[in-house]
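[1] starting from these lines, generate the structure:
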Amino acid sequence: MNRFKKAPTILVADDCAPVCEVMEILLCRAGYDVLTATDGEDALELARASDGIDLLIANPNLPGLRGDELAAQVERLFPAIAVIFMSGSREPEEHAGSSHWLVKPFTVGDLRDCVGHALRSHEQTAGHPEMALSHG
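    Take a look at the predicted model:
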């Protein structure tokens, strides 16, 4: 019997369209299914229309719904979702330890490590094979 596993789905929400485009390219090359949005409300609509989101990568300062508000809404839809906040500033003290953080600018390796760690830390993705971003 041949068993196929669905690739993890990642929703990227950042107010900078070029950041979304680069993230989509890198994550798609790594084998992930990727959805992107440039504001919180569009990201929430994509999540609602989706069959499932395994990981949300969101800028905390999104227009519309802020990143933390978006995460709370998406977590209601998909309780086992992993969340990474992506920002040009360091992790705010009030959120210390509550989520994964990716500080811009970051390398492909930083992205790969953060995504892998976030996905591995959630039960929903336990059945997915390890995926790595290519450096080329």
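[2] alpha carbons only for contacts and neighbour counts from here, please
    Fine.
[3] all helices for the protein, in order.
    Remark: helices assigned in the chain by DSSP state H are 17-29, 40-49, 67-77, 108-120.
[4] Ala7: which of the ones you listed is closest?
    helix 17-29 (10.0 Å; CA to CA).
[5] list the buried ones in the closest one?
    Within helix 17-29, the residues scored as buried using 16 or more other CA atoms under 10 Å are Cys20, Met23, Glu24, Leu26, Leu27, Cys28.
[6] between those residues, which sits nearest Asp39?
    Cys20 (10.9 Å).
[7] which ones are touching the closest one?
    Listed by CA atoms under 8 Å, 6 or more residues apart in numbering, the contact set of Cys20 reads Val12, Ala13, Asp14, Thr36, Ala37, Thr38.
[8] could you redo the last one with a cut-off of 10 Å?
    The contact partners of Cys20, taken as CA atoms under 10 Å, 6 or more residues apart in numbering, are Leu11, Val12, Ala13, Asp14, Val34, Leu35, Thr36, Ala37, Thr38, Ile57.
[9] now Ser121
    Shown in contact with Ser121 (CA under 10 Å, 6+ apart): Ile81, Ala82, Val115.
[10] for Arg76, see how far away it is.
    In this view, Ser121 and Arg76 are 18 Å apart by CA to CA, to the nearest Å.
[11] just the buried residues from the contacts of Ser121, in ChimeraX please.
    Buried subset of those, written as a ChimeraX selection, criterion 16+ other CA under 10 Å:
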select :81,82,115
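[12] fine by me, thanks again.
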